[in-house]
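1. okay, structure incoming, though there's no sequence with it:
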């Protein structure tokens with residue numbers, strides 16, 4: 001029986017799996033976004049989010065703990081210097097998985113895993129959504145508004161056509 005055994009082994013031995021996740025975590029920290037399969041991304045999220053939480057507390061002990069997982073000095077330095085500053089006020093959920101479709105060769109589900117605070121496009125959309133809120137109204141009120149506005153729109157177009165003066169050509173202006 002496999003009760004409460006939720007860890008995905010990814011079809012690899014333990015040492016191969018640890019090396020895979022370590023290398024993927026280093027790539028994620030360096031590039032802020034990587035494309036991979038959905039199963040690997042979900043396993044990577046479980047692996048890297050505790051490391052990001054540890055990076056918030058910049059002590060020698062936490063640096064050594066993170067280094068034991070990543071085995072890369074440059075990645076540890078970038079994690080504690082740049083990434084930890086951006087995620088300092090976030091209580092969790094440092095990564096986002098965006099599904100991108102299926103791989104052509106073996107039909108594996110592909111995705112992009114990224115650090116949440118580094119996607120500028122998503123951050124812009126988030127701020128613009130807050131400013132444009134609309135309220136829903138009842139159907140009856142919407143129907144009466146549509147009926148009253150429809151005749152007005154027709155008359156304004158006709159009036160606009162009547163009021164437009166004819167543009168004189170440069171030859172007519174010179175003749176006058």
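-> Nice, thanks for sending it over. Remember, it's a predicted structure, so these values are computed and weren't measured experimentally.

2. switch to C-alpha atoms for all contacts and neighbour counts from now on
-> Noted.

3. residue closest to the middle of this structure?
-> For the chain, the residue nearest the mean C-alpha position is residue 122 (4.6 Å; CA atoms, centre = their mean).

4. what confidence value was assigned to it?
-> In this model, residue 122 is scored at 78, pLDDT.

5. equivalent analysis for residue 39, please.
-> For residue 39, the model assigns a pLDDT of 97.

6. okay but it is in contact with residue 10, surely?
-> Yes. Using CA atoms under 8 Å, residue 39 is in contact with residue 10, at 7.4 Å.

7. buried residues of stretch 32-43, list them for me.
-> Neighbour-count burial for stretch 32-43, counted by 16 or more other CA atoms under 10 Å, picks out 32-38, 40-43.

8. follow-up on the earlier one: the residue nearest to the centre of the chain and residue 114: what is the separation?
-> Residue 122 sits 11 Å away from residue 114, going by CA to CA, to the nearest Å.

9. not counting stretch 82-96 itself, show me its contacts.
-> For stretch 82-96, contacts defined as CA atoms under 8 Å, 6 or more residues apart in numbering pick out 29, 45, 49, 52-53, 55-56, 113-117.

10. just put the residues you listed in a markdown table and tack on distance to residue 83, secondary structure and pLDDT.
-> Listed next are these as a markdown table, based on distance: CA to CA, whole Å; DSSP: H, G, I helix; E, B strand; the rest coil; pLDDT from 0 to 100:
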| residue | distance to residue 83 | secondary structure | pLDDT |
| --- | --- | --- | --- |
| 29 | 8 | helix | 97 |
| 45 | 16 | helix | 97 |
| 49 | 12 | helix | 96 |
| 52 | 8 | helix | 97 |
| 53 | 11 | helix | 96 |
| 55 | 8 | helix | 96 |
| 56 | 9 | coil | 95 |
| 113 | 15 | strand | 97 |
| 114 | 12 | strand | 96 |
| 115 | 9 | strand | 96 |
| 116 | 11 | helix | 93 |
| 117 | 9 | helix | 90 |
